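**Student:** Just the structure for this:
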Amino acid sequence: MKKYKTFRVSFIVYCALLIALNVVLTRVGSIRIGGGGVEIVRIGFGGYPIIFAGIMFGPLAGGIVGAIGDIIGMIISPMGPYMPHFTISAALTGIIPGYIMRSCASKECKTSTKRLMIAIGIGQIVTSIILVPYFMKVLFGVPFAVSLPSRLISQAITIPIYVYMTKILINRLYFVVGVNR
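**Tutor:** Numbering: from 1, shown residues only. Predicted coordinates for the structure are as follows:
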């Protein structure tokens, strides 16, 4: 198994594919609930390509996919003004699980349910449950009581789904992608 090098053509292609998936799943394939000219709640699987990039290709790839996906998505389908706070949060969505899973070199380690649950859970708690509601409160005055309950419920559902999808994709794609991180 070859060591995966950043900025190879295949790395750029995989990141571009995951960015495209992120933009489509976030902006087109999700339910967006707005209020007061800003998006309050988004229900969908748009964050998964960012998380998958971080787990499979490392924290740098997760950060790149998250940041570029957020910027392109904002250009294509804005809901409210552009705020770099949310781009940082999107980048951290891929960076945090990437760092936690960085020490995994084998497929068995990368598909460990406990390890995936910790990596994805910590990443989603920090970004989706803490940072995004905080930014909504500070930037737009949206109270925590409005944004937090729906985020808690959605993350309680999506984190196990993300873990399950990651296990399946790693088992199917591990040798195709050829990653050994």
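
**Student:** I'd assumed Ala53 was in contact with Leu169.
**Tutor:** No: using CB atoms under 8 Å, Leu169 makes no contact with Ala53, being 11.5 Å away. For every residue, glycine as well, the C-beta is placed using N, CA and C.

**Student:** Of these two, give the one with the bigger neighbour count.
**Tutor:** Comparing Leu169 with Ala53 by other CB atoms under 10 Å, the one with more neighbours is Ala53, at 31 against 16.

**Student:** residues in contact with the more buried one?
**Tutor:** Tyr14, Cys15, Leu18, Ala61, Gly62, Ile64, Val65, Gly66, Gly94, Gly98 (CB atoms under 8 Å, 6 or more residues apart in numbering).

**Student:** From Tyr134, how far out is it?
**Tutor:** Relative to Tyr134, Ala53 is positioned 24 Å away (CB to CB, to the nearest Å).

**Student:** likewise Ile55?
**Tutor:** Distance from Ile55 to Tyr134, by CB to CB: 25 Å.

**Student:** quick one: which of those two has more around it?
**Tutor:** Each of Ile55 and Tyr134 has its neighbours counted (other CB under 10 Å); Ile55 has more, 30 against 15.

**Student:** Tell me, how many residues neighbour the nearest residue to Ala53 once chain neighbours are set aside?
**Tutor:** Distances taken as CB to CB, 6 or more residues apart in numbering place Val65 nearest to Ala53, at 4.1 Å, with adjacent residues excluded. Val65 has 30 neighbours, counted by other CB under 10 Å.

**Student:** Throw the contacts of Ala53 into CSV and include pLDDT, thanks.
**Tutor:** Conversion of these to CSV gives the following (pLDDT from 0 to 100):
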residue, pLDDT
Tyr14, 91
Cys15, 93
Leu18, 96
Ala61, 94
Gly62, 96
Ile64, 95
Val65, 97
Gly66, 96
Gly94, 96
Gly98, 94
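
**Student:** Considering the residues you listed, which is situated nearest to Tyr48?
**Tutor:** Leu18 (9.3 Å; CB to CB).

**Student:** Next up, the contacts around Arg27.
**Tutor:** Neighbouring residues of Arg27 by CB under 8 Å, 6+ apart: Gly46, Gly73, Ile76, Ser77.

**Student:** Do you know the pLDDT at it?
**Tutor:** Listed pLDDT for Arg27 reads 79.
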